[in-house]
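[1] pasted the sequence and its predicted model underneath.
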Amino acid sequence: MKKLLIVLFLVMIIGFGIVGYSQTVSKSDDTIEQSTDNTASIQIQ
């Protein structure tokens, strides 16, 4: 049971790492879209 929880925890960490990496890559590629996203998020808040 403990091994299953450890495996699930590792999968979650790897998944979040992939998502974060893909987000940073897309932001560096699309600087114009990033600025529009930031202004939109500021207006929503």
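    Good, I have the coordinates.
[2] tell me how far Phe16 lies from Met1.
    Distance, Phe16 to Met1, by CB to CB, to the nearest Å: 23 Å. No exception for glycine: its C-beta is placed from N, CA and C like everyone else's.
[3] out of those two, which sits in the busier spot?
    Phe16 (10 against 5; other CB atoms under 10 Å).
[4] and the gap between that one and Phe9?
    11 Å.
[5] give the residue spans of this protein that score low on pLDDT.
    Applying pLDDT under 70 to the chain picks out residues 27-45.
[6] helices along that one, start to end?
    In the chain, the helices defined using DSSP state H lie at 2-29, 31-44.
[7] residues near Lys2, how many?
    As a measure of burial, Lys2 has 6 neighbours, counting by other CB under 10 Å.
[8] near Ile6, how many other residues are there?
    By other CB under 10 Å, neighbour count at Ile6 equals 10.
[9] give the contact list for Leu5.
    Residues near Leu5 by CB atoms under 8 Å, 6 or more residues apart in numbering: none.
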